[in-house]
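K.L.:
predicted model follows, preceded by the sequence.
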Amino acid sequence: MLAGLTCLLVPSLLPAQLQMQKCMICHGKRDFRKILDSGEVRSLYVDLNMLQKSVHAKRICVDCHSDVVEIPHAEPPKRVSCTRCHYKGNPEGAPQTDAYLDYAQSVHAIEVAKGNPKAPVCQSCHGTHDIQHPKKPGSRVFRAAVAATCGSCHLDEFAQYRGSIHGTAVAHGNPDAPTCTSCHGEHRVLAPADPSSTVAPAHVSATCSTCHAAVGIVGKYGIDVEQVATYQESFHGVATKFGSRTVANCSSCHMTHDIRPPADPLSSVNVRNIPATCGHTGCHEGANANYAKGKIHVDPERPEAGIIYYVAAFFKYLTITVMIGLALHIALDFNRKLQALRKGGHE
Amino acid sequence: MSEQEHLKLVEELARKIEGELTSEEKQAISDAGVQQLLLERLAAEVKDEARTRARHARKAKEEREKKVERTFQRFTRNFRFQHMVLFVSCILLIVTGMPLKFPDWEPLQGFIRLLGGIESSRLIHRIGASGLIFVAAYHLLYTLLSRFGRRDFWLLLPRWKDITDVLLQVRYMAGWSTIRPRFPRFSYVEKFDYWAVYWGCVIMIGSGLILWFENEAMSVLPKFAMDIATEVHSDEALLATLAIVIWHMYNVHINPHVFPGSLMWWHGRITEERMKEEHPIEYEEIVSKEEPEGGQK
């Protein structure tokens, strides 16, 4: 129907490919460009070859640029709206997804609505004429490419992430290591200050635990899966659970984008850096080398905890013994007193 | 009453009412059947009167006995004050501390929210801690400086008799023997309570201060020492809470002797009967000291 309507509007009844060629008369020229009011030069060249290798190979220009009705264009064509086709139940053959609804809640969409010209829309991440299926290596949102795509705006975070254990693992083709979207979400990216964000202080440990508590994921690489549990049982974890937003969560010590293994001298949790990490302003001011003397993630129920394991075991058996003794004494006393009362009642 | 006496009574009665009765009625009184009836009524009246008088006498006697039932001052006002500060502090500490030990238990999470979140529950915990530290320090001074404090501390020290008392008491409670141990001022149960609180205070205040002033503590203590303090604080808290909830609750509330609760913590007095029953040695000591002075009993 869309194509039919276009045929009526565009003063030509040529078949689709011929119509494309008509656009390419101008847009096929490599030096076809426009100088904007700001003085910025904007290329208007479209690589037809690239378009025909994209997921939209079978589409023609006006399928997306539906506001183009005459040549030369009286009005500058508006930004393409992907939701013309990309919604659940669409008859166009586009993937059946409601991803744009998630996007609408994201911090990106909120910024767009505020009129921030730098805030991203669909095309900013997925690409325009070069759009590829996200599972294909050429896609801008393919696993290996996500960080660079996000990093085109979030430069500092990208630089930190690239050096982190997660970034290097992804770069080496590790299929389990996280990229930006693994923690922040894909379309529904929320600001960390938003309480429902996956990276909000209250949710950080749960987000990390999706991999770091899973034997099937980090367990494969010999990484301890108890770290999240031991955190959640520690005072930091308990206070977080009870609503404190000033105590440490995973990323307070391990950092957010610049997460490095403890053996790395640049790591925030390297033995030499622990005092500075704990001594972070507002936390344990004046932290010294004592903070690194002992395990950080302690599970008192495992012998690896050393002396803490033995202290916990001592109290466990002390409590059990004392309670059994007291309960027996109570039971005997109660029984005897009831007997005496019953006898007294009969006499 | 013999038959003759009965007859005499009836004749007397007849004489008393002579003027008021007709000759026919007089004739009737002398009849054996009417005489029997009169006697029975009289006897019933007398019996009834005797019963009423006896009841009144018994009641009056009971009332008198109640008034003179002796009580002994078991705990001084100073000691009761210490106990009150102790239990108020402990309640505050337990209700704000246990949720941290069992954070996954929903009702406890709700309770912390009710208190106004973790920050205010920490404040309440530290108010409780200050109370406990105060009463511990106060009690140390009390044991040193007060005459009663020194005496009670001496009497609370564990002795060989306590062990034999445990064995005797268990034998008695199990029903293998009718002999009950005779306790002095403090039985082994009370000594256990006292020393449990002593040990609890040392552990909880020691580890608690480390956790309270964690930055200061860690300028001298390594991380694993902090972990030990955390573990000890948490585990001893559970032990103490269980001891209070199970043991102390039984001894002063549920125990059939005191149910639904003893008010000794409030007035500090113990009745003579319970004194004889539970602290016979102390009772005898007090009474034997009184006699030369010509005491009441």
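P.N.:
Happy to help now that I have it.

K.L.:
check contacts around B:Pro184.
P.N.:
By CB atoms under 8 Å, 6 or more residues apart in numbering or on different chains, the contact list for B:Pro184 reads B:Leu155, B:Lys161, B:His279, B:Ile281, B:Glu282. (C-beta placed from N, C-alpha, C; glycine too.)

K.L.:
again, only this time at 10 Å
P.N.:
B:Pro184 makes contact with B:Leu155, B:Arg159, B:Lys161, B:Asp162, B:Asp165, B:His279, B:Pro280, B:Ile281, B:Glu282, B:Tyr283, B:Glu284, B:Glu285 under the criterion CB atoms under 10 Å, 6 or more residues apart in numbering or on different chains.

K.L.:
before we move on, what about A:Ala109?
P.N.:
A:Tyr100, A:Asp102, A:Tyr103, A:Ala119, A:Pro120, A:Val121, A:His187, A:Arg188, A:Val189.

K.L.:
burial measure for B:Glu282, as a count.
P.N.:
B:Glu282: 20 surrounding residues under other CB atoms under 10 Å in any protein chain shown.

K.L.:
and it, backbone torsions?
P.N.:
phi -60, psi -40 (degrees, to the nearest 10).

K.L.:
same check on A:Lys88?
P.N.:
When quoted as degrees, to the nearest 10, the phi and psi of A:Lys88 stand at phi -70, psi 130.

K.L.:
any idea how far it lies from A:His126?
P.N.:
18 Å (CB to CB, to the nearest Å).

K.L.:
the more surrounded of those two?
P.N.:
Shown here are A:Lys88 and A:His126; by other CB under 10 Å, A:His126 has more neighbours (19 against 12).

K.L.:
can you give me the distance of the more buried one to chain B?
P.N.:
In this view, A:His126 and chain B are 42 Å apart by CB to the nearest CB, to the nearest Å.

K.L.:
next, the contact list for that residue, please.
P.N.:
Applying CB under 10 Å, 6+ apart, the residues near A:His126 are A:Val55, A:Cys82, A:His86, A:Pro120, A:Gln132, A:Pro134, A:Ser139, A:Arg140, A:Val141, A:Thr149.

K.L.:
then A:Val298?
P.N.:
So A:Val298 contacts A:226, A:230, A:233-234, A:304-306, A:308-309, A:312, B:223-224, B:226-228, B:230-231 (CB under 10 Å, 6+ apart).

K.L.:
where does the residue most central in space within chain B land on pLDDT?
P.N.:
Centroid-nearest residue in chain B, with CA atoms, centre = their mean: B:Ser262, separated by 3.6 Å. On pLDDT, B:Ser262 comes in at 82.

K.L.:
backbone phi and psi for it, please?
P.N.:
phi -90, psi 140.

K.L.:
state the distance from it to chain A.
P.N.:
15 Å.

K.L.:
residues near the closest residue to that residue other than its chain neighbours, how many?
P.N.:
Once flanking residues are discounted, B:Ser262 sits nearest to B:Val252: 5.0 Å by CB to CB, 6 or more residues apart in numbering or on different chains. By the criterion of other CB under 10 Å, B:Val252 has 17 neighbours.

K.L.:
with A:Tyr309 instead?
P.N.:
Here the number of neighbours of A:Tyr309 (other CB under 10 Å) works out to 17.

K.L.:
ok but it is inside a helix, no?
P.N.:
Yes. Under DSSP: H, G, I helix; E, B strand; the rest coil, A:Tyr309 sits within a helix.

K.L.:
wait, what's in contact with it?
P.N.:
Neighbouring residues of A:Tyr309 by CB under 10 Å, 6+ apart: A:Val298, A:Asp299, A:Pro300, A:Glu301, A:Arg302, A:Pro303, B:Glu231.

K.L.:
three-state assignment of the second one?
P.N.:
Following three-state DSSP, the label given to A:Asp299 is coil.

K.L.:
got the phi and psi for it?
P.N.:
phi -110, psi 100.

K.L.:
quick one: the helices in the stretch 101-250 of chain A?
P.N.:
A:107-114, A:122-126, A:143-151, A:155-163, A:165-171, A:180-184, A:204-212, A:227-233, A:235-241, A:250-254 (DSSP state H, counting those that start in this stretch).

K.L.:
make a markdown table from these and add distance to B:Trp247 and mean pLDDT to it.
P.N.:
Below are these laid out as a markdown table (distance: least, CB to CB, whole Å; pLDDT from 0 to 100):
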| stretch | distance to B:Trp247 | mean pLDDT |
| --- | --- | --- |
| helix A:107-114 | 56 | 94 |
| helix A:122-126 | 65 | 92 |
| helix A:143-151 | 61 | 93 |
| helix A:155-163 | 56 | 94 |
| helix A:165-171 | 52 | 94 |
| helix A:180-184 | 50 | 94 |
| helix A:204-212 | 38 | 92 |
| helix A:227-233 | 28 | 90 |
| helix A:235-241 | 28 | 90 |
| helix A:250-254 | 41 | 93 |
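
K.L.:
could I get those as JSON lines with distance to B:Leu42?
P.N.:
Output for these, formatted as JSON lines (distance: least, CB to CB, whole Å):
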{"stretch": "helix A:107-114", "distance to B:Leu42": "108"}
{"stretch": "helix A:122-126", "distance to B:Leu42": "118"}
{"stretch": "helix A:143-151", "distance to B:Leu42": "116"}
{"stretch": "helix A:155-163", "distance to B:Leu42": "115"}
{"stretch": "helix A:165-171", "distance to B:Leu42": "112"}
{"stretch": "helix A:180-184", "distance to B:Leu42": "106"}
{"stretch": "helix A:204-212", "distance to B:Leu42": "96"}
{"stretch": "helix A:227-233", "distance to B:Leu42": "89"}
{"stretch": "helix A:235-241", "distance to B:Leu42": "87"}
{"stretch": "helix A:250-254", "distance to B:Leu42": "101"}
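
K.L.:
buried among the contacts of B:Pro184? Need that as a selection in PyMOL.
P.N.:
Selection of buried members from the contacts of B:Pro184 for PyMOL, criterion 16 or more other CB atoms under 10 Å in any protein chain shown:
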select buried, chain B and resi 162+165+279+282+283
